[in-house]
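Q: Please find the sequence and the predicted model below.
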Amino acid sequence: MAKKLLIVESPAKAKTIEKIIGDNFDVKSCYGHIRDLEKDDMGIDVNNNYSPRYIVPDDKQKIVKELKQLAKKSDEVWLASDEDREGESISWHLAEVLGLDIATTKRIVFHEITAPAIKNAVDHPRKIDMNLVNAQQARRVLDRLVGFELSPVLWRKIGMQGGLSAGRVQSVAVRLIAEREREINQFIAESSYKIEAIFSAQDINKKYVNFKAEGPNKITSLQNAEQFLQSCKAAVYTVKDVQVKPSKRSPAAPFTTSTLQQEASRKLGYGVSKTMLLAQKLYESGYITYMRTDSINLSDTALHDISNEINSSYGKEYHQPRKFKNKNDNAQEAHEAIRPTYMSNRTINDADTKKLYELIWRRTIASQMADAEFEKTIAKIIISTNNEQLTASGEVLKFDGFLKVYLEGKDEEDEENIEGILPPLVANQKLQFQEMLATEKFTRPSPRYTEASLVKKLEELGIGRPSTYAPTISTIIKRNYVEKRDKEGVKRNVNILSLNPHNEIKKLHHFENTGAEKSKLFPTDLGLVVTDFLKQHFNKVMDYGFTAHIEEEFDEIAEGKVKWSAMIDEFYKPFHGNIEHTLENAERAKGERELGIEAATGKKVIARMGRFGPMVQIGDANDDDKPRFAKLKATQSIETITFEDAMDLFKLPRNLGKFEGEDVIINVGRFGPYAAHNKKFYSLNKEMDPYTVELEEIAPMIEDKRKAKDERTIKIFEKEKIQILKGPYGPYIKQGLRNYKLTKEQQEKAAMLSIEEVKAIMEELKANPPKKAARKKAK
């Protein structure tokens, strides 16, 4: 008897579900989306209610054919793609392609891949929700319209090798990063002096311990700081009063997609994409609930399991039931927070996902645990010589509560001072003075975004949804609008004044490292130029409020309140008019910045975007002499490069001297820094700086690269400048920058190929390129 066919997105998910219901169902994977919009003419009929034209891509033809054959043999086809809008859309596309009746086809959803959840879903199938499909379709169509219409504007008005592209959410994300960068570049640090006194008093064991007390708030100059310390000479320090107050700290809510990405970044150092990849694996293996959600709700079943786990492992006093409420009323993919499917599983054996699973387990269990209880002590200390007050504060943990399991991480901008423990102090107690310091402190700009803090900001602004955060960040990095990198700090002198018990004031000098960054998001010069151009000409698209409003409209479509084509129409008509106006009237954007005048020639020096990236130019195209150009270093920017640094770039080309009787010339070209020697070119090793590298380093490099090339070379036709080389997939033909693939038979006799045979192979491949290369060319 034929079984029913159940289709899911991934093989891993199929495998897990088949173990549960394999007796009644064949469970097969469609490997994600099986259809996409055509590339030609946007794939959208703008004159017919924005009707999309979908095609099955070449790489999906085989799986679609297989699913059609299985569907014919099956009693019934059920659809079980993920529960969010994208999953609903996949189910609809499957129904369309397989010729299923939308009105009767059974669709099941579940938040976790466990036997009870799957069996319950099978017992309660529903129909495909066309409101959710239309919300996803509206997002896809709108983003295609924006991308396809904006990108040609950028090609025409900015240019650049490889073609530029723009996206609705991505462009706004780049704007956030660009504005933060400019805020940092324009920031001027202000210094002030922090007063900190160190005293000694007996603890509960009658042992003398040191503790700190802070002085008046901002003292703005070194002179004022010294005056304050002078006024404290020979002072008696007396406790004026001591206040003891209880305080509590409550646990964070269980994870949403956004908070999981943020915490995995802080605690595990994971990028957003890595977190989602691992979370997907955990979900498909049946370890956690669905990982794309903006809900902080927990089901009654989960709450019961958590209660049992806390009571048995920690005791009843640690259990405190909580119901968390979403700030976002539209929590659309929103049935339950991310949690373990079985709370009794504290860990798992899979090495790749173990750390992330344990993080989710701890966060979930902590969310239902008691508050941590503290006793906060604040002591006011009078200085006898100037009647100023110092404040000592400390905190004692009285009951650990949820902290027994979990402490939420903090971003740089949220960092707090950690308070120590004070010894017992009483009013009128005279304190033993050890030292007073006046330490110079500097104001700091807001930190650059990490992947996680950018997600947090996008969520705060209402831009994007759980399923869009990771692809947005991947896209802006891939498009070279943003780069993720480290930045070295610079040393800064810090003034410190010290008053000792002998009433001596000493001046100390200390250096601190400032401005160091790790794995932060930096806008590229290209990202800055594109952002400025889009803000100038497409202000509405770049507006944070407008982008958030679009997300709200998608939510309304999902709820059946708005017709999707009407929403698109309202956006597209003015947007398209703006496109045509900009193409017609906008000037070409170069991101140009004048740096100064070259003394020797009197010519203007400018930094600007060129065809192959940011560069410095001396002179003008209208001058008698051709302008001179130099490429910026990877660490330099058009916005911040100085005149002096720009002129240093023109030290290239550098002649390092002779090697084997021929000059070695160092320069930077289209593909980066290189050494030219005896009419051949060698790319510099990554660690080599073209401005400082010497002949002693270059000569061995040339020899090594020659040797490596000789080992790769099978045959050379000098006259035609054609080579047959060894590659990772076997021998191939190379002429200039172009490679030609050989068949297995041709590879076996590569060393014996004549020039005539090689030319014939090249001509054949030019006339009939391989399918993959042909598709790439067509794009």
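A: Now that the structure is in, tell me what you want to look at. Small disclaimer: the values here were computed from a predicted structure and weren't measured.

Q: how about low-confidence regions in this structure?
A: For the chain, the stretches flagged by pLDDT under 70 are 1-2, 160-163, 327-334, 410-419, 771-779.

Q: ok, the residue nearest to Glu517 when sequence neighbours are not counted to Pro447 distance?
A: Nearest residue to Glu517 in three dimensions, chain neighbours excluded: Lys487, at 4.0 Å (Cβ to Cβ, 6 or more residues apart in numbering). (Glycine included, C-beta is placed from N, CA and C.) Distance of Lys487 to Pro447, given as Cβ to Cβ, to the nearest Å: 11 Å.

Q: OK, contacts around the residue nearest to Glu517?
A: Neighbouring residues of Lys487 by Cβ atoms under 8 Å, 6 or more residues apart in numbering: Gly515, Ala516, Glu517, Lys520, Phe522.

Q: rewinding a little: find the residues that touch each one of Lys487 and Pro447.
A: Glu517, Lys520.

Q: you'd agree Glu395 is in a helix?
A: No: counting by DSSP: H, G, I helix; E, B strand; the rest coil, Glu395 is not part of a helix but strand.

Q: Was I right to think it contacts Ile378?
A: No: using Cβ atoms under 8 Å, Glu395 is not in contact with Ile378; the gap is 10.0 Å.

Q: State the distance from Lys3 to Phe324.
A: Taking Cβ to Cβ, one finds Lys3 at 41 Å from Phe324.

Q: just Leu222 next, same as before
A: When Leu222 is compared with Phe324 (using Cβ to Cβ), they lie 50 Å apart.

Q: Now restrict the contacts of Lys487 to buried residues only.
A: Glu517, Lys520, Phe522 (16 or more other Cβ atoms under 10 Å).

Q: mind putting the residues you listed in CSV, secondary structure included?
A: Formatted as CSV, the buried ones among the contacts of Lys487 follow (three-state DSSP):
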residue, secondary structure
Glu517, strand
Lys520, strand
Phe522, strand
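
Q: Among those residues, which one sits closest to Leu303?
A: Lys520 (38.8 Å; Cβ to Cβ).

Q: residues contacting the spatially most central residue of the chain?
A: Most central in the chain under Cα atoms, centre = their mean is Glu451, positioned 3.0 Å from the mean C-alpha point. Taking Cβ under 8 Å, 6+ apart, we find Glu451 in contact with Gln261, Ser265, Gly271, Val272, Ile473, Lys484, Ser519, Leu521.

Q: Let's see that with 6 Å instead.
A: Gly271, Val272, Ile473 (Cβ atoms under 6 Å, 6 or more residues apart in numbering).

Q: And Tyr208, its phi and psi?
A: phi -70, psi 130 (degrees, to the nearest 10).

Q: residue ranges of the strands in the stretch 451-600 of the chain, please?
A: 482-487, 490-499, 505-514, 517-523, 593-597 (DSSP state E, counting those that start in this stretch).

Q: Reformat those as CSV; add distance to Thr347.
A: Below are the strands of the stretch 451-600 of the chain laid out as CSV (distance: least, Cβ to Cβ, whole Å):
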stretch, distance to Thr347
strand 482-487, 30
strand 490-499, 43
strand 505-514, 38
strand 517-523, 27
strand 593-597, 55
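
Q: and among these, the most buried is which?
A: Mean neighbour counts were taken over the strands of the stretch 451-600 of the chain using mean count of other Cβ atoms under 10 Å, and the top value, a mean of 19, falls to strand 517-523.

Q: which residues touch that one?
A: Ile177, Ala178, Glu181, Arg448, Tyr449, Val482, Glu483, Lys484, Asp486, Lys487.
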